[in-house]
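Q: sequence isn't available, so here's the structure alone:
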């Protein structure tokens with residue numbers, strides 16, 4: 001009597017080819033973006049040693065802008081206006097919402113909590129992406145289609161360090177004073193809106209504002225916006241560095257980089273808030 005072999009079970013092969021080329025291209029692009037970002041961050045010490053003049057030029061260009069942008073104050077003015085409007089909207093909606101339940105005195109609490117943890121980082125990141133990030137994508141894309149990046153490689157210049165790492169460093173340097181301006185404008189706009197427009201007592205507003213404003217929240221907010229700056233700059237530099245297809249391709253790269261930046265800014269802010277405040281919100285409303 002011979003034993004018969006058990007039937008061999010065949011599992012279906014989970015391949016991406018059955019769904020077309022789109023998933024494969026998406027995964028490849030995500031991998032290339034992550035690899036480019038890690039390379040740009042890894043080459044920051046090399047860029048600081050070899051390309052100091054380029055770093056200083058990028059800091060000056062990102063901070064105050066060039067040409068027509070310099071007339072209105074460059075990125076600083078744009079960040080200030082965006083956070084000013086965002087803080088005013090928080091005050092308007094917060095006062096009206098809290099007034100429905102008779103606790104509009106807690107508007108200062110919203111200013112100390114919402115602006116630091118959510119509104120100011122998102123607004124500053126969006127302003128950085130819309131001004132500095134989009135400009136970096138267009139500039140690097142123009143260099144790519146005109147073969148200037150290839151010329152840098154021919155001259156033995158490490159293009160990723162010279163073009164991407166220097167911009168990441170400049171973004172980290174510029175975002176610190178810019179975010180200080182942004183968070184100040186957010187606080188100021190919400191105080192002016194609540195006190196002057198709605199007539200709330202300045203003493204009541206300042207009491208709840210200073211009661212719930214924590215220095216560790218401000219420190220975490222600065223760390224959060226630094227991470228946002230790294231993500232924004234590496235994303236825009238990648239799309240500019242890998243642009244193709246002539247001027248049309250550069251325009252498409254700017255649009256795709258802006259779309260991804262606006263998504264990743266919110267994702268970074270939400271994940272950071274969950275990591276820092278998910279278990280302990282660090283405030284007590286009964287104080």
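A: Thanks, I have the structure now. In this text, all values refer to a predicted model and were calculated from it rather than measured experimentally.
Q: from here on, contacts and neighbour counts on C-alpha atoms
A: OK.
Q: so what's the residue count around the closest residue to residue 143 other than its chain neighbours?
A: Excluding its sequence neighbours, the residue lying closest to residue 143 (Cα to Cα, 6 or more residues apart in numbering) is residue 149, at 5.9 Å. Residue neighbour count, defined by other Cα atoms under 10 Å, stands at 22 for residue 149.
Q: just the pLDDT for residue 149.
A: pLDDT recorded at residue 149 is 87.
Q: for residue 243, see how far away it is.
A: In this view, residue 149 and residue 243 are 11 Å apart by Cα to Cα, to the nearest Å.
Q: same question for residue 83.
A: With Cα to Cα as the criterion, residue 83 and residue 243 are 32 Å apart.
Q: looking at the two, which one has more neighbours?
A: residue 83 (29 against 25).
Q: who are the contact partners of the more buried one?
A: 119-120, 123-124, 182-183, 185-186 (Cα atoms under 8 Å, 6 or more residues apart in numbering).
Q: next one: residue 237
A: 133, 136-137, 140, 163-164.
Q: from the residues you listed, which two are the most distant?
A: The span of the contacts of residue 237, defined through Cα to Cα, is set by 133 and 163 at 12.8 Å.
Q: the two: which is more packed in?
A: Between residue 133 and residue 163, residue 133 has the larger neighbour count (other Cα under 10 Å), namely 29 against 25.
Q: my guess is that one contacts residue 238, does it?
A: No - shown here, residue 133 and residue 238 do not form a contact pair, counting by Cα atoms under 8 Å, at 10.6 Å.
Q: any idea of the pLDDT on residue 240?
A: 91.
Q: tally of neighbours for residue 93?
A: 12.
Q: for the helix or strand hosting it, the distance to its chain's centre please.
A: Here residue 93, judged by DSSP states H and E, is contained in helix 74-100. Relative to its chain's centre, helix 74-100 lies at 18 Å (Cα atoms, centre = their mean, to the nearest Å).
Q: mind listing what's buried in it?
A: Using 16 or more other Cα atoms under 10 Å as the burial criterion, the residues of helix 74-100 that qualify are 74-92, 94-96.
Q: same question for stretch 222-242.
A: Applying 16+ other Cα under 10 Å to stretch 222-242 flags 222, 224-242 as buried.
Q: same check, this time on stretch 111-127
A: Those would be 111-113, 115-127, for stretch 111-127 by 16+ other Cα under 10 Å.
Q: measure it end to end?
A: Terminal-residue distance, stretch 111-127 (Cα to Cα): 20 Å.
Q: quick check: mean pLDDT of it?
A: Mean predicted lDDT for stretch 111-127 stands at 86.
Q: my guess is the residue nearest to residue 143 contacts residue 159, does it?
A: Yes - applying Cα under 8 Å, one finds residue 149 in contact with residue 159, separated by 6.5 Å.
Q: as JSON lines, the contacts of residue 237 with secondary structure would be great.
A: Formatted as JSON lines, the contacts of residue 237 follow (DSSP: H, G, I helix; E, B strand; the rest coil):
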{"residue": "133", "secondary structure": "helix"}
{"residue": "136", "secondary structure": "helix"}
{"residue": "137", "secondary structure": "helix"}
{"residue": "140", "secondary structure": "helix"}
{"residue": "163", "secondary structure": "helix"}
{"residue": "164", "secondary structure": "helix"}
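Q: pick the one among the residues you listed closest to residue 194.
A: residue 133 (33.6 Å).
Q: now the closest one. Nearest residue, chain neighbours left out?
A: residue 236 (5.4 Å).
Q: helix, strand or coil: sort out that neighbour for me.
A: Residue 236 is classified as helix under three-state DSSP.
Q: now residue 94: how far from residue 275?
A: 25 Å.
Q: now residue 157
A: Separation of residue 157 from residue 275 (Cα to Cα): 40 Å.
Q: which of these two has more neighbours?
A: Between residue 157 and residue 275, counted using other Cα under 10 Å, the more crowded position is residue 157 (15 against 11).
Q: so that one is in which element?
A: Here residue 157 is assigned to no helix or strand, by DSSP H and E.
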